[in-house]
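K.L.:
just the structure for this:
(one chain, ligands or ions: 2)
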Amino acid sequence: MKKETEFMSINFLISQAKNIQKVIDENASEIEALDQNIGDGDHIFNIQRGLKLVIELEGTIKDLPLAKALNTIAMKVLSGIGGSSGALFGTFFISMAKSPDLDKDVNFSKACEMIIDGVKAMKERGKADVGEKTMMDVLIPVSEKLSEIKNNNSEMKQGLNEVIKIAEDRMLSTKDMLATKGRASFLGERAKGHIDPGARSSQLIIDTICKSVINQ
Ligand code: ADP
Ligand code: MG
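P.N.:
Ligands and ions are numbered 1, 2, ... in the order given. A predicted model of the protein is given here:
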């Protein structure tokens, strides 16, 4: 039986990657069109390739200590995925791998801490803040909410339902923004009226993980 404390186990990570792969595939044409509108169209390919590479690592990492497994994932993502997404998600996993005490059980609060630190590392790497029409418009507010849930010891399921809502609202909010980072920044006013592809894929990833944890 799955222990309540098993957040971030290798099993957990691989099964989440499989859930996410399904949802991303179901929404592939929408994500592709979004990056064709304001980017170079490869975002869906980068995300799908990343998920495939991570899922294929299952056999290699399943018996490794968590820190080593996360580092293996990070290296695979960095070397195997192109574009901004590869660098940013690679940075996220490097940060997670560096988290202290990974040899102990990772409970919900520790998992939140790892995600919060990972998003902070992405923010430093990409130098994008909220309001610049990128995936950070979703990830930063989600990370802030996780920090609130953790610090207030809030009820997990209710907290995660709020995270789902924030991710969706923030993804939609990128539609009317001007882009000041990434390829879309070259478009000026023409970027307005289109949701950012990275914000949409990140929102789908968060939605999938939260729903799966809520329903466990
Ligand atoms: P690329 O733009 O290099 O083709 P992708 O297509 O994989 O990379 O990813 C595009 C997404 O990356 C954008 O929709 C945006 O959300 C995100 N992005 C681009 N630049 C940055 C940045 N500096 N910081 C955070 N996210 C960024
Ligand atoms: Mg692209």
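K.L.:
the spatially closest residue to K62 that is not a sequence neighbour and ligand 2: what is the separation?
P.N.:
Spatial nearest neighbour of K62, excluding adjacent residues (Cβ to Cβ, 6 or more residues apart in numbering): I10 at 5.5 Å. Every residue, glycine included, has its C-beta placed from N, CA and C. Remark: distance between I10 and ligand 2 (Cβ to the ion, to the nearest Å) = 30 Å.
K.L.:
in contact with I10: list those residues for me.
P.N.:
Counting by Cβ atoms under 8 Å, 6 or more residues apart in numbering, I10 touches I61, K62, L64, L66, A69.
K.L.:
mark which of these are buried, thanks.
P.N.:
I61, L66, A69 (16 or more other Cβ atoms under 10 Å).
K.L.:
need the residues of this protein near ligand 1, please.
P.N.:
35, 39-40, 42-43, 46, 83-85, 88, 126-128, 134-136, 181-183, 196-199 (Cβ under 6 Å from any ligand atom).
K.L.:
I'd like the distance from stretch 78-87 to the chain centre, please.
P.N.:
13 Å (Cα atoms, centre = their mean, to the nearest Å).
K.L.:
distance between the ends of that stretch?
P.N.:
Criterion Cα to Cα, to the nearest Å; first-to-last residue distance in stretch 78-87 is 6 Å.
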